[in-house]
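J.: need the 3D shape of this:
(2 chains)
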Amino acid sequence: MPFLRGFPEARIHSQEIIEKALDYIGHDNVRALFDHIEEKGLKRDEILDRPEKFAESLERLFGKAADIIEKQIIMEICMKSDNVKFDSNMTLAEAIRKLND
Amino acid sequence: MSTHLRILIAEDEDKIAESYRIVLKSSGHEVKITKDGQSCVDAYMEELKRIRQERKPANYSKDQQVYTPFDVVLMDYRMPVMDGMEAARRILTAVPGQRIVFASAYLKETLLDSLRHLNRIIELISKPFSLDQLVAVVEDEHLYKQLQKLNVDVERLKSWEPTHVQIYDLLNGLIKIRNLDPNLFKKTLNEQSVQGV
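T.: Next up, the predicted model:
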């Protein structure tokens, strides 16, 4: 969605893609995750601009399980966005940056 | 349980080993039996060599290149030729990320021994145990049950074939962000096994 870059609607859509990918951990857990990350200094609406910080937070919280969580977000981004083609070496931060481009 | 696990067993009593093999194979897992610590280490190293030659990552972790030839090594604590603790030490020296579950009737001794020789608390299944309990521990059913209580879609999670450590870390992460009392979960975990990473 390059033509929408910077528009609130596009950002909301991108955020929704990320949150949708976390559905399987349960709504209460997703909310708790974002609350926790916000307490540590990363607001929900800043994730698109600071994807490295988001990935770091997931790794700090979930250790080795972050790998699964990150992969699911990457897959969801690739499925929902025409801009991002799947690459098994792509990091979460790279995928979010491409989504945000 | 849909995950297919590769399991290496070290058990010196033939009848017991055979019952493990039958129940684990009927649950859809691949099982290799060895009769003592030394033959367990030999079988492990042989398989490790094979997968390294093939460069086939059995369980690959991105931040630590860990090749685990088996998903689980189930080890009897007391065995002839080489005991379980020494066999575990050798395996963990080669592959620190290997999951090892001890079967032991000597809980305190096994735990203290693991701290002394392995510098970690190991997973433990207390003898005597039922074959159903064995399958539950090997398949991490106790961890999945806790995740289910936290409303995690466990079937979806299982479809990605997570490793034991990933399941454990996910549960711990969720306990942390939900500000839940870890002791409530530890109590349940300890009923069947002691978790250590």
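J.: which regions of chain B lie under the pLDDT threshold?
T.: B:1-3, B:55-67, B:181-197 (pLDDT under 70).
J.: so how far is the helix ranked longest in it from its chain's centroid?
T.: In chain B, assigned by DSSP state H, the helix with the most residues is helix B:37-54. Put simply, helix B:37-54 sits 17 Å off its chain's centre (CA atoms, centre = their mean, to the nearest Å).
J.: the helix or strand following it pairs with which strands, parallel or anti?
T.: Moving toward the C-terminus from helix B:37-54, the next helix or strand (DSSP states H and E) is strand B:72-76. Using DSSP bridges, the strands paired with strand B:72-76 in its sheet are strand B:6-10 (parallel), strand B:100-104 (parallel).
J.: can you list the helices and strands that the strand or helix carrying A:His13 packs against?
T.: Per DSSP H and E, A:His13 falls inside helix A:8-20. If you count contacts as 3 or more CB pairs under 8 Å, 6 or more residues apart in numbering or on different chains; DSSP states H and E, helix A:8-20 packs onto helix A:66-80, helix A:92-100. C-betas here are computed from N, CA, C, even on glycine.
J.: can you list the ones you listed in JSON lines and add mean neighbour count, distance to chain B and mean pLDDT?
T.: Formatted as JSON lines, the helices and strands packed on helix A:8-20 follow (neighbours: other CB atoms under 10 Å in any protein chain shown; distance: least, CB to the nearest CB, whole Å; pLDDT from 0 to 100):
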{"stretch": "helix A:66-80", "mean neighbour count": "20", "distance to chain B": "6", "mean pLDDT": "91"}
{"stretch": "helix A:92-100", "mean neighbour count": "20", "distance to chain B": "11", "mean pLDDT": "88"}
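J.: B:Gly173: which of those helices is closest?
T.: With CB to CB as the criterion, B:Gly173 lies closest to helix A:66-80 of those, at 8.2 Å.
J.: how near is the residue nearest in space to the middle of chain A to chain B?
T.: With distances taken as CA atoms, centre = their mean, chain A has A:Ile18 as the residue nearest its mean C-alpha position (4.1 Å). Going from A:Ile18 to chain B by CB to the nearest CB, to the nearest Å gives 16 Å.
J.: that residue: what's it in contact with?
T.: By CB atoms under 8 Å, 6 or more residues apart in numbering or on different chains, the contact set of A:Ile18 is A:47, A:73, A:76-77, A:96.
J.: any chance of TSV for those residues, columns distance to B:Val135?
T.: Shown next, in TSV, are those (distance: CB to CB, whole Å):
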residue	distance to B:Val135
A:Ile47	40
A:Ile73	32
A:Glu76	33
A:Ile77	37
A:Ile96	40
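J.: so which pair among these is furthest apart in space?
T.: Farthest pair in the contacts of A:Ile18 (CB to CB) is A:Ile47 and A:Glu76. Separation: 13.6 Å.
J.: so which bits of stretch B:79-91 are buried?
T.: B:79, B:82-85, B:87-91 (16 or more other CB atoms under 10 Å in any protein chain shown).
J.: check stretch B:139-154 too.
T.: Under 16+ other CB under 10 Å, the buried positions of stretch B:139-154 are B:139-144, B:146-147, B:150, B:152, B:154.
J.: ok, stretch B:164-183 next?
T.: B:164-175, B:177-178.
J.: near chain A, which of those show up?
T.: Restricting those to those within reach of chain A (CB under 8 Å from any CB of the partner chain) leaves B:165-170, B:172-174, B:177-178.
J.: closest one to B:Leu107 out of the residues you listed, please.
T.: Comparing those against B:Leu107 with CB to CB places B:Tyr168 closest, at 20.0 Å.
J.: can you tell me the element that closest one falls in?
T.: Per DSSP H and E, B:Tyr168 falls inside helix B:164-177.
J.: what's that helix packed up against?
T.: Counting contacts by 3+ CB pairs under 8 Å, 6+ apart, helix B:164-177 is packed against helix A:27-39, helix A:51-62, helix A:66-80, helix B:141-149, helix B:182-192.
J.: residues near B:Ser27, how many?
T.: By the criterion of other CB atoms under 10 Å in any protein chain shown, B:Ser27 has 18 neighbours.
J.: could I get the phi/psi values of it?
T.: Dihedral pair for B:Ser27: phi -90, psi 0, per degrees, to the nearest 10.
J.: circling back to that earlier point, list of residues touching the longest helix of chain B?
T.: Contact with helix B:37-54 is made by B:8-10, B:32, B:34, B:57-58, B:67, B:69-70, B:73, B:75, B:79, B:81-84, B:86-87, B:90-91, B:94-95, as judged by CB under 8 Å, 6+ apart.
J.: kindly report the same for stretch A:30-39.
T.: By CB under 8 Å, 6+ apart, stretch A:30-39 touches A:19, A:22-23, A:25, A:44, A:54, A:57, A:61, B:174, B:176-179.
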